[in-house]
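[1] Sharing a model that was predicted from the sequence below.
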Amino acid sequence: VLSFIIFICYIASLAAAFMMAPLLEFLLALFLFFAYASKLNEKFKGLYWPLTDFLRCVTAAIIYFAISIAAVSKYSDGASKAAGVFGFIATIVFAIDFYITFNDLVAFLKQGSSDPPEGQKSEDENSDSDSD
């Protein structure tokens with residue numbers, strides 16, 4: 001929702017060149033929301049969904065921070081200032097989401113690394129008991 005508000009502010013401002021970043025972030029967040037809601041993450045096991053969400057949060061926080069600084073410092077109209085302020089709020093929100101998603105990602109990776117790969121045997125199975 002915050003990305004959509006920032007998108008609307010950038011359309012109404014002189015800083016319309018920055019409107020693509022919030023639009024893409026909004027569409028990507030919408031896609032991931034529907035992917036989780038329709039349980040696509042359970043159907044497509046080859047894609048690391050927590051990593052996808054993690055990368056989305058990191059890039060969104062960095063991009064929103066950069067374009068918010070540019071919008072607030074370079075443009076003087078009210079809509080650009082509002083988009084910049086909402087962008088800073090979005091940066092904080094995505095940083096919090098980044099932290100939460102990072103914890104989920106670590107738990108996901110620990111869960112996946114606890115199972116040995118199928119092609120490898122454990123040390124007990126590889127050892128030759130007759131070699132003593």
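    Alright, I've got the coordinates.

[2] okay, now the nearest residue to residue 3 once chain neighbours are set aside: neighbour count?
    In space, and not counting its chain neighbours, residue 3 is closest to residue 26: 3.9 Å by CB to CB, 6 or more residues apart in numbering. Backbone N, C-alpha and C define where each C-beta goes, glycine included. For residue 26, the count of nearby residues is 18 (other CB atoms under 10 Å).

[3] Quick check, pLDDT for the closest residue to residue 25 other than its chain neighbours.
    Nearest non-adjacent residue to residue 25, counting by CB to CB, 6+ apart: residue 3, 4.6 Å away. Note on residue 3: pLDDT of 87.

[4] what's the answer for the one 5 residues further on, then?
    Looking at residue 8, its pLDDT is 88.

[5] swap in residue 120?
    For residue 120, pLDDT reads 49.

[6] To which secondary structure element is the spatially most central residue of the chain assigned?
    Centroid check for the chain by CA atoms, centre = their mean gives residue 56 as the closest residue, at 2.2 Å. Per DSSP states H and E: residue 56 is located in helix 49-74.

[7] Pull out the buried positions in that helix.
    49-50, 52-54, 56-61, 63-65, 67-68, 70-72 (16 or more other CB atoms under 10 Å).

[8] for stretch 4-11, same thing?
    5-10.

[9] For the helix ranked longest in the chain, which helices and strands make contact with it?
    Longest helix of the chain, by residue count under DSSP state H: helix 78-113. Taking 3 or more CB pairs under 8 Å, 6 or more residues apart in numbering; DSSP states H and E as contact, the helices and strands that helix 78-113 lies on are helix 2-12, helix 49-74.
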